[in-house]
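Trainee: can you look at this prediction? I've put the sequence above it.
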Amino acid sequence: MEKTQQFKTNINCGNCVRTVSGFLNEIEGINRWEVDTTSSDKILTVEGSVPAATIIAAVEEAGFDIVVDGRR
């Protein structure tokens, strides 16, 4: 099922986004993702049919902190 999920992260710059790109782009089922680096919570928004645990594991593997935000 397609859904939009949001997470608080510490992905705070273009280099950080490039680093995590390789991890998120490998996940089948993600249709689109973006990080709002201008937000104080550095919100990662992911659209697709991927469990939150899969997204969290990929971002942590890339070396960043991530928690479920709960906003839509």
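Mentor: Yes, it's here.

Trainee: quick check: which element contains the residue nearest the centre of the chain?
Mentor: Residue closest to the mean C-alpha point of the chain, counted by CA atoms, centre = their mean, is Leu44 at 4.2 Å. Element membership for Leu44 (DSSP states H and E) is strand 43-48.

Trainee: for Asn15, what are phi and psi?
Mentor: When read as degrees, to the nearest 10, the backbone of Asn15 gives phi -60, psi -40.

Trainee: residues near it, how many?
Mentor: Asn15 has 9 neighbours, counted by other CB atoms under 10 Å. Glycine gets a C-beta too; all of them are placed from N, C-alpha and C.

Trainee: what do you get for Ala58?
Mentor: 21.

Trainee: surely Val17 is in a helix?
Mentor: Yes - counting by DSSP: H, G, I helix; E, B strand; the rest coil, Val17 falls inside a helix.

Trainee: ok, now which ones touch Ile11?
Mentor: Val17, Val20, Val35, Thr37, Lys42, Leu44, Val59, Phe64 (CB atoms under 8 Å, 6 or more residues apart in numbering).

Trainee: which of these are buried?
Mentor: Val17, Val20, Val35, Lys42, Leu44, Val59, Phe64 (16 or more other CB atoms under 10 Å).
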